[in-house]
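Please find the sequence and the predicted model below.
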Amino acid sequence: MVEVKNLKKIFKLSKKDMKKEKTKQREKIAVDGLSFKAEQGQIFGLLGPNGAGKTTTLRCISTLIKPTEGEINVEGIIVEANPEMVRKKICFLTNELKLDTHFTPAYTIEYFGKLHGMDTGAIYRRKEELFKRFGVSDFENMAIGELSTGMKQKLSIAISLVHDPKVIIFDEPTNGLDIITAKSVTDYLLEMKEVGKTVIISTHIMDVAEKLCDKIAIMLDGKLSIEGTTEEICRNTGQKNLEEAFFKLYFDQASGGAANA
Ligand SMILES: Nc1ncnc2c1ncn2[C@@H]1O[C@H](COP(=O)(O)OP(=O)(O)OP(=O)(O)O)[C@@H](O)[C@H]1O
């Protein structure tokens, strides 16, 4: 279970950031009073356009950055009070994971397994299972520097899961993957929810959200716009599918009108 209460994250902007954001403001409110609860045995999706605050939210849950305000509870542990305990329970897959190019996939997963305090036998079994599952076995003894972007992505997925975490947090899980690997990832996430894990993903792809998620929170400009199942979101916005509901909420917000969902 992951519960986020009134999460707010304000970034101080450097001159370079201000230029990039085309703003005169010295601060950026990336997440603004966000609350939601992702239950065990459920895939919860944060859906939103670029810059909506999805990655920032996931980074706060994953203990990588500190919230400015609010409280996050992961499996009964308050993130701010006990980040080390939370790290044992979660995995966070992001394309920011930097892997040492000189090492092989086999060595790297062993290294991460040891960091999680696993014994050699457990690491080996997990490596065999995950490498087979995500198609890493064929290149497990090559140098990471020689791998393609997709191969590195598959390896990152396997590494992030080595310690069999209770809470799986994937930022844009299918980004950059071919359709076969994308399917193996989504199938895996569906299996994980069946065995009672809590899965949280971020995506801007409607199809991924609709097919995969039990519950969806649509984020716009750092705020929660609406939360519910696809059916609930469609019903509450009076639209016939998630994409149309999303556009209604987006344009209502852009025009300053209340989404009223
Ligand atoms: N470290 C940072 N310093 C300053 N601003 C930041 C920082 N990280 C994120 N932001 C800003 O916060 C806002 C939300 O960014 P975030 O990456 O959370 O959005 P997102 O919904 O994940 O978008 P995307 O789909 O593009 O990944 C953006 O305007 C971004 O530029």
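Sure, I can see it. Numbers count the residues shown, from 1 in each chain.

Mind listing what's buried along stretch 70-90?
70, 72-75, 79, 86-87, 89-90 (16 or more other Cβ atoms under 10 Å). Bear in mind the C-beta positions are built from the backbone N, C-alpha and C, glycine included.

mind listing which of these are in helices?
Among these, the ones falling in helices (DSSP state H) are 86-87, 89.

Give me the number of neighbouring residues for the closest residue to the ligand within the stretch 101-250 of the chain.
For the stretch 101-250 of the chain, the residue closest to the ligand is H204, as judged by Cβ to the nearest ligand atom, at 5.3 Å. For H204, the count of nearby residues is 16 (other Cβ atoms under 10 Å).

Which residue is the nearest non-sequential neighbour of it?
With Cβ to Cβ, 6 or more residues apart in numbering as the criterion, H204 has its nearest non-adjacent residue at 6.0 Å, and that residue is P49.

next one: E227
A217 (4.4 Å).

tell me the secondary structure for that neighbour?
Following DSSP: H, G, I helix; E, B strand; the rest coil, A217 is assigned to strand.

got a pLDDT number for it?
At A217, the model reports a pLDDT of 98.

now do the one 3 residues further on
Per-residue confidence for L220 comes out at a pLDDT of 97.

Where do the domain boundaries of this protein fall?
2-89+165-259, 97-164 (the TED database).

chain center to the first one, what's the gap?
Yep, that's domain 2-89+165-259 we're talking about. 7 Å (Cα atoms, centre = their mean, to the nearest Å).

next one: the last one
Computed by Cα atoms, centre = their mean, the chain-centroid distance of domain 97-164 equals 19 Å.

can you tell me the distance between the two ends of that domain?
18 Å (Cα to Cα, to the nearest Å).

got it, and stretch 32-45?
18 Å.

can you check stretch 80-91 too?
Length of stretch 80-91, first residue to last, Cα to Cα: 17 Å.

going forward, begin numbering at 776 instead of 1
Sounds good: first residue 776 from here, last item stretch 855-866.

That one: how far from the chain's middle?
With Cα atoms, centre = their mean, you get 16 Å for stretch 855-866.

Would you mark the buried spots in stretch 1002-1018?
1002-1003, 1005, 1008-1009, 1011-1012, 1014, 1017.

So E1002: helix, strand or coil?
With three-state DSSP as the basis, E1002 sits in strand.

Pretty sure it sits against I991.
Yes: if you go by Cβ atoms under 8 Å, E1002 and I991 touch, sitting 7.1 Å apart.

Tell me the bridge partners for the residue nearest to E1002.
Taking DSSP bridges as the rule, A992 bridges to L821, E1002.

Counting neighbours, what do you get for it?
27.

so who does it touch?
Each residue near A992 by Cβ atoms under 8 Å, 6 or more residues apart in numbering is listed here: 809, 811, 819-822, 999, 1001-1002.

Run through who's touching stretch 840-849.
776-785, 806, 808-809, 831, 834-836, 853-855, 861, 864-865, 942.

Could you pick out which of those are located in strands?
777-785, 806, 808-809, 853, 865, 942 (DSSP state E).

Of the residues you listed, which pair is most distant in space?
I785 and V942 (25.3 Å; Cβ to Cβ).

Tell me which of these two has more neighbours.
Legend: neighbour count by other Cβ under 10 Å for I785 and V942, higher for V942 (21 against 15).

Bridged to that one, which residues?
In this structure, V942 bridges to I865, T973 when assessed by DSSP bridges.

those strands in the stretch 776-925 of the chain, which residues are they?
For the stretch 776-925 of the chain, the strands defined by DSSP state E, counting those that start in this stretch cover 777-787, 802-813, 817-822, 844-849, 852-853, 865-868.
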